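[1] sequence below, structure please.
(4 chains)
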Number of protein chains: 2
Amino acid sequence: MLNKHSTHCPIAFGLNIFGDRWTLLILRDILFQDKKYYNEFLHSEEEISTNILADRLEQLEAQRILKKSPDPLNRKRFTYAPTTKGLDLIPVILAIVRWSGKHDPETAAPRPFLRKLEKPANAIERDIRRKFSLRT
Amino acid sequence: MLNKHSTHCPIAFGLNIFGDRWTLLILRDILFQDKKYYNEFLHSEEEISTNILADRLEQLEAQRILKKSPDPLNRKRFTYAPTTKGLDLIPVILAIVRWSGKHDPETAAPRPFLRKLEKPANAIERDIRRKFSLRT
DNA sequence: CTGGATCCCAATAGATACTG
DNA sequence: CAGTATCTATTGGGATCCAG
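    Numbering: from 1, shown residues only, chains lettered A, B, ... in the order given. Below is the predicted model:
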């Protein structure tokens, strides 16, 4: 953790919230992979462990980046959906994707995950926002 | 660390390199604050500790995001400058700054650090790139 | 001296087993 | 299903140390 005093730097502020190896992967699942359940996040390719997933979901909810709600179809399940603050992270994720697309020999080639990223960034963002405004 | 197997996801790829609380702060110092020495990074507001700074500089050099060179003015010192791969992280940092500007009550107000960010993103990026191409 | 790195130890993150 | 508990590994703070 950064030294207690909050630093008044916008980069430090952001990194204090999502500057780790897992948080943005959960957002990726939600925003780009249409996942919304704890178990779906658990079984993503990177295999996050249960305590980390629980912790990050809690942080994200506390930061009001995600909203946790009981699943109407199954009272035992919860769904996680992005808030406006969460949707506003789309450009951060897209900037990372573009950087990796340029500098990672593995991801530079077209991949399933990247198909929807062939559109311009603002079209991608608009589509995702539309999806969540329709079903929330 | 993400589970050993590299995941072929561009977001995971990026996060494996700069998904922590310190790496992008060093890049910030270099790209936006004109810092280039170990000691300058050490004394930034967030007070990174010496072992972390040494480790991150090593990682960044190993990833060819920074280039370490002997300082021509002082044989004992080293300077760190961004490579093209490092300059390509400017949009990631700017996306984080924009998100924080919108969602952090502290950084939303204009601040010294943010002055140069009042220009459009591509003008900011162009200016920084120009600065480094002139002096490398 | 002084810039940079290493070492020791505490704190935090993470993997796996287990539980309400 | 969705976590907690426990144990291990990694990160980080601060002192110290080494090279020039």
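[2] that's a strand at residue A:78, yeah?
    Yes. Per DSSP: H, G, I helix; E, B strand; the rest coil, residue A:78 lies within a strand segment.
[3] residues in contact with it?
    Going by CB atoms under 8 Å, 6 or more residues apart in numbering or on different chains, residue A:78 touches A:37, A:38, A:68, A:69, A:70, A:71. C-betas here are computed from N, CA, C, even on glycine.
[4] in chain A, mark out all the helices, start to finish.
    Using DSSP state H, the helices of chain A run over residues A:10-18, A:23-32, A:38-42, A:50-62, A:84-87, A:90-103, A:105-108, A:121-135.
[5] ok, back up a step: any of the contacts of residue A:78 buried? List them.
    Buried members of the contacts of residue A:78, scored by 16 or more other CB atoms under 10 Å in any protein chain shown, are residue A:38.
[6] list just the nearest of the contacts of residue A:78 to DNA strand C.
    Set against DNA strand C, the nearest of the contacts of residue A:78 by CB to the nearest atom of the strand is residue A:38 (11.1 Å).
[7] which residues touch the closest one?
    Going by CB under 8 Å, 6+ apart, residue A:38 touches A:53, A:57, A:77, A:78, A:80.
[8] got a ChimeraX select line for the buried ones in these?
    Selection of buried members from these for ChimeraX, criterion 16+ other CB under 10 Å:
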select /A:53,57,80
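[9] among the contacts of residue A:38, which two are most distant?
    Using CB to CB, the contacts of residue A:38 reach their maximum pairwise distance at A:53 and A:77, which is 14.6 Å.
[10] flag the helix or strand of chain A with the lowest per-element mean pLDDT.
    The helix or strand with the lowest mean pLDDT-type score in chain A, counting by mean pLDDT, DSSP states H and E, is helix A:105-108 (a mean of 71).
[11] sorry, back to before: mind checking which of the helices of chain A is nearest DNA strand C?
    That would be helix A:50-62 among the helices of chain A, by CB to the nearest atom of the strand, at 4.0 Å.
[12] can you give me the neighbour number for the residue of chain A found nearest DNA strand C?
    As assessed by CB to the nearest atom of the strand, DNA strand C sits closest to residue A:49 within chain A, at 2.9 Å. As a burial measure, residue A:49 scores 11 neighbours (other CB atoms under 10 Å in any protein chain shown).
[13] do residue A:12 as well
    Look at residue A:12: counted by other CB under 10 Å, it has 25 neighbours.
[14] isn't it right next to residue B:25, touching?
    Yes. Using CB atoms under 8 Å, residue A:12 is in contact with residue B:25, at 6.3 Å.
[15] what touches both of these two?
    By CB under 8 Å, 6+ apart, the residues touching both residue A:12 and residue B:25 are residue B:46.
[16] about what we covered before: any chance of the contacts of residue A:78 in TSV, with pLDDT too?
    As requested, the contacts of residue A:78 are exported to TSV (pLDDT from 0 to 100):
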residue	pLDDT
A:37	95
A:38	95
A:68	94
A:69	92
A:70	92
A:71	90
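[17] coming back round to it: so which of the helices of chain A gets nearest residue B:8?
    helix A:105-108 (5.5 Å).
[18] quick check, central residue of chain A?
    Centroid-nearest residue in chain A: residue A:27, 1.0 Å away (criterion: CA atoms, centre = their mean).
[19] ok, now which ones touch it?
    Residue A:27 is in contact with A:18, A:60, A:65, A:82, A:86, A:89, A:93, counting by CB under 8 Å, 6+ apart.
[20] ok, those vs DNA strand D, which is closest?
    For those, the residue nearest DNA strand D by CB to the nearest atom of the strand is residue A:60; the value is 11.4 Å.
[21] pretty sure that closest one is touching residue A:86, no?
    Yes. With contact defined as CB under 8 Å, residue A:60 reaches residue A:86; the gap is 7.5 Å.
[22] and stretch A:46-66, what's buried?
    For stretch A:46-66, burial by neighbour count (16+ other CB under 10 Å) applies to A:46, A:48, A:53, A:56, A:57, A:59, A:60, A:63, A:65, A:66.
[23] give me the subset of these that also touch chain B.
    Restricting the buried residues of stretch A:46-66 to those near chain B by CB under 8 Å from any CB of the partner chain leaves residue A:46.
[24] tell me which two of the buried residues of stretch A:46-66 sit farthest apart.
    Farthest pair in the buried residues of stretch A:46-66 (CB to CB) is A:46 and A:63. Separation: 21.2 Å.
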